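Student: model this:
(chains A and B)
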Amino acid sequence: MGLENIITIVLLYYLHRNAKAANVPQEWKKYIKLGMFAAIGLLILGSSGIFPSYFISIFSIILISGVAYAVLNFKEFQNTKPLFFAVIPLIAISVIGDLLETVNKSWYKSVETVFDVASFFAFVWAIVMYFTYRKQKKLLEVERRLAIEREREFEITQKIKAQLEKDVAERTEALTHQKEELEKTLSELKSTQSQLIHAEKMASLGELTAGIAHEIQNPLNFVNNFSEVSTELIEEMEEELAKGDLEEVKAIFEDLKLNLEKINHHGKRADGIVKGMLQHSRNNQSQKELTDINALADEFLRLSYHGLRAKDKTFNANFKSDFDSELPKLEIVPQDLGRVFLNLINNAFYACAERSKKGQDTDYKPEVNIKTLKTGNAIEVQIQDNGSGIPEEIQEKIFQPFFTTKPTGQGTGLGLSLSYDIVKAHGGNLKVESRLGEGTIFIITLPI
Amino acid sequence: MKILIVDDEKDVEVLFRQKFRKEIKKGEISLEFAFSGAEALDILSSDNPPKFVYVFSDINMPGMTGLELLDKIKFKFPEINVSMISAYGDKENYDKAIQSGAKEFFTKPIDFDSLKTEINKLINK
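Tutor: Take a look at the predicted model:
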């Protein structure tokens, strides 16, 4: 008796407590409160004995049934369901006991012990279930918190991921842009480079023109002079023949033979110069030919000297050549190596002229020497001047493209750089040795 | 009459000897050749006073130029006639040569007729 009401109170208490978390509507809370008051009322009335016990029992059963109905059928009260299942046996035994007591009190009395024992087990069951319920609830709560935490971490990760993706996209775009810019610059540089190489070639051709004109004029003069003098000699020979001076005729005859050789020699000399000039101006022709390095060096030494002389009347320098007559011919690109010789010889003369212009040492005698020699399985061409020398800090830079010590407009700064590339392309080496105040020597090494 | 011809082109010797063949044969002139300014000075200095009366010099030579040689000859042996022969017949060279005391200035290719006239003037003196 009265157990139903205690259970009702407990159930309603938990309903009230869980209502906060489960977001239960306001009116339900009202009913929960009403139910609590009703249960407390019934409990007090039941123990007072004012009303007959069956009367109280009926109301108690109705109240707990209402609560049971609400708990089982409304999802707002889902949380309390396990607690309800814990007390179901207790409720059932209590309700059945009350009903039996109301219907047949004497029979009930005889089986009351059975009910008490059942009540005891139902009570134990309720307690065990209650603690299980509490434990599960705690576990669920922990899990819920963990889930929330995970959700939050996931969101943060998502945010970071999105930001990273955005950053990567931006960076990729910037890099692509940079790459395109660089490719454009590179192709521009390449075309500028080829233009400059051509310009350098043309510039050195310009430097050559005066030298070439002078070089051609000399042999042509000899061709003209020797043919003229030969005509005169033939007339004289006719005279001597008439006189019968065969000795003299023979002497003139020897001269004529010599003159024809001279005409042929100087004609070939002029021919060689023209061919060399054509080779020099030709673009992109790089046929390797078996070449006499001594002759090539000598040709460009003369071209350089006369070219500079023609350009600057005040320029003068002595030049000497010391060619190794045993030098083997080499498979090289003559116009390319010719440019190397021209560049290096021009530089040598320029260095002498600069020292001369300074006028510090009055007994200074500008001199350029070219030497060829065989060293093991290579040949060496040394171009030496007695100019002012190259300071050490500049020596490192002279082979860099566009580096020049000449005044603006006088040098492209490509001469030595191109020379270096040409020598390297021939599998050779180009190095410089210089002493301040004593001069400079460029050494070209070419493999045999 | 001894004449010295200075030019770095060695074939000049053959040419001159043939051109002045008759004059040499007759003994009117004798030719000597030098292939650089320094060599010319050596030859001139080997006899004192030098036997040469005329020097014809190229201007454009490696080492000592013809104009430098002219100055030196005029300084050491002022009585020797010196004429220049050059491929560069520009005014600058001409003025410089005449100022330094050159007798005549011939341009290359050499006009041997005028050269002969010049030499004959001396022979007939």
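
Student: ok, now which ones touch A:Lys358?
Tutor: A:Ser388 (Cβ atoms under 8 Å, 6 or more residues apart in numbering or on different chains). (Each C-beta comes from the backbone N, C-alpha and C, glycine too.)

Student: Okay, it and A:Asn346: tell me how far apart.
Tutor: 19 Å (Cβ to Cβ, to the nearest Å).

Student: Near chain B, which residues of chain A? Just list them.
Tutor: A:214, A:217-218, A:220-222, A:224-226, A:228-229, A:232-233, A:236, A:255, A:258-259, A:262, A:266, A:305-306, A:309-310, A:313, A:316-319 (Cβ under 8 Å from any Cβ of the partner chain).

Student: Pull the distance from the host helix or strand of A:Ala242 to the chain's centre.
Tutor: In the assignment (DSSP states H and E), A:Ala242 maps to helix A:105-243. Relative to its chain's centre, helix A:105-243 lies at 7 Å (Cα atoms, centre = their mean, to the nearest Å).

Student: and the residue most central in space within chain B, what element?
Tutor: Nearest residue to the geometric centre of chain B (Cα atoms, centre = their mean): B:Phe56, 0.9 Å. Applying DSSP H and E as the criterion places B:Phe56 in strand B:52-58.

Student: Which strands and helices lie in contact with that strand?
Tutor: strand B:2-6, helix B:37-45, helix B:66-76, strand B:81-86, helix B:112-123 (3 or more Cβ pairs under 8 Å, 6 or more residues apart in numbering or on different chains; DSSP states H and E).

Student: for the last one, which positions count as buried?
Tutor: Taking 16 or more other Cβ atoms under 10 Å in any protein chain shown as the neighbour-count basis, helix B:112-123 is seen to contain the buried residues B:112, B:115, B:118-119.

Student: swap in the first one?
Tutor: Taking 16+ other Cβ under 10 Å as the basis for neighbour counts, the residues of strand B:2-6 that come out buried are B:2-6.

Student: Specify which member of these is nearest to chain A.
Tutor: The closest of the buried residues of strand B:2-6 to chain A turns out to be B:Ile5 (Cβ to the nearest Cβ; 13.5 Å).

Student: Quick check, that closest one in contact with B:Val12.
Tutor: Yes - the pair B:Ile5 / B:Val12 is scored as a contact, 6.4 Å apart, by Cβ atoms under 8 Å.

Student: what do those two both touch?
Tutor: With Cβ under 8 Å, 6+ apart as the test, B:Ile5 and B:Val12 both reach B:Phe33.

Student: Helix, strand, or coil at B:Leu60?
Tutor: Careful, residue B:60 is Asn; it's not Leu. Put simply, B:Asn60 is coil when judged by DSSP: H, G, I helix; E, B strand; the rest coil.

Student: Next, give phi and psi for it.
Tutor: In terms of degrees, to the nearest 10, the main-chain angles of B:Asn60 are phi -90, psi 90.

Student: Give me the distance between the residue of chain B positioned farthest from its centre and A:Ile252.
Tutor: The C-alpha centroid of chain B is most remote from B:Lys26, which lies 20.7 Å away (Cα atoms, centre = their mean). For B:Lys26, the distance to A:Ile252 equals 16 Å [Cβ to Cβ].

Student: where are the low-confidence patches of the stretch 301-448 of chain A?
Tutor: A:407-412 (pLDDT under 70).

Student: closest point of it to chain B, which residue?
Tutor: Closest point on the stretch 301-448 of chain A to chain B, by Cβ to the nearest Cβ, is A:Asn318, at 4.0 Å.

Student: hang on, the earlier thing: how about TSV for the helices and strands packed on strand B:52-58, with distance to chain A and mean pLDDT added?
Tutor: TSV is the format used below for the helices and strands packed on strand B:52-58 (distance: least, Cβ to the nearest Cβ, whole Å; pLDDT from 0 to 100):
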stretch	distance to chain A	mean pLDDT
strand B:2-6	13	94
helix B:37-45	9	92
helix B:66-76	8	93
strand B:81-86	11	92
helix B:112-123	8	88
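
Student: Reformat those as a markdown table; add distance to A:Gly244.
Tutor: Formatted as a markdown table, these follow (distance: least, Cβ to Cβ, whole Å):
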| stretch | distance to A:Gly244 |
| --- | --- |
| strand B:2-6 | 32 |
| helix B:37-45 | 39 |
| helix B:66-76 | 44 |
| strand B:81-86 | 38 |
| helix B:112-123 | 28 |
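
Student: Of all these, which one comes closest to A:Thr404?
Tutor: Closest to A:Thr404 of those, according to Cβ to Cβ: helix B:66-76, at 31.1 Å.

Student: and the closest one, what does it pack onto?
Tutor: Against helix B:66-76 (3+ Cβ pairs under 8 Å, 6+ apart) you get helix B:37-45, strand B:52-58, strand B:81-86, helix B:91-99.

Student: Name the residues of the second one that are buried.
Tutor: For strand B:52-58, the neighbour count (16+ other Cβ under 10 Å) marks B:52-58 as buried.

Student: tell me which of those residues is nearest to chain A?
Tutor: B:Asp58 (10.2 Å).
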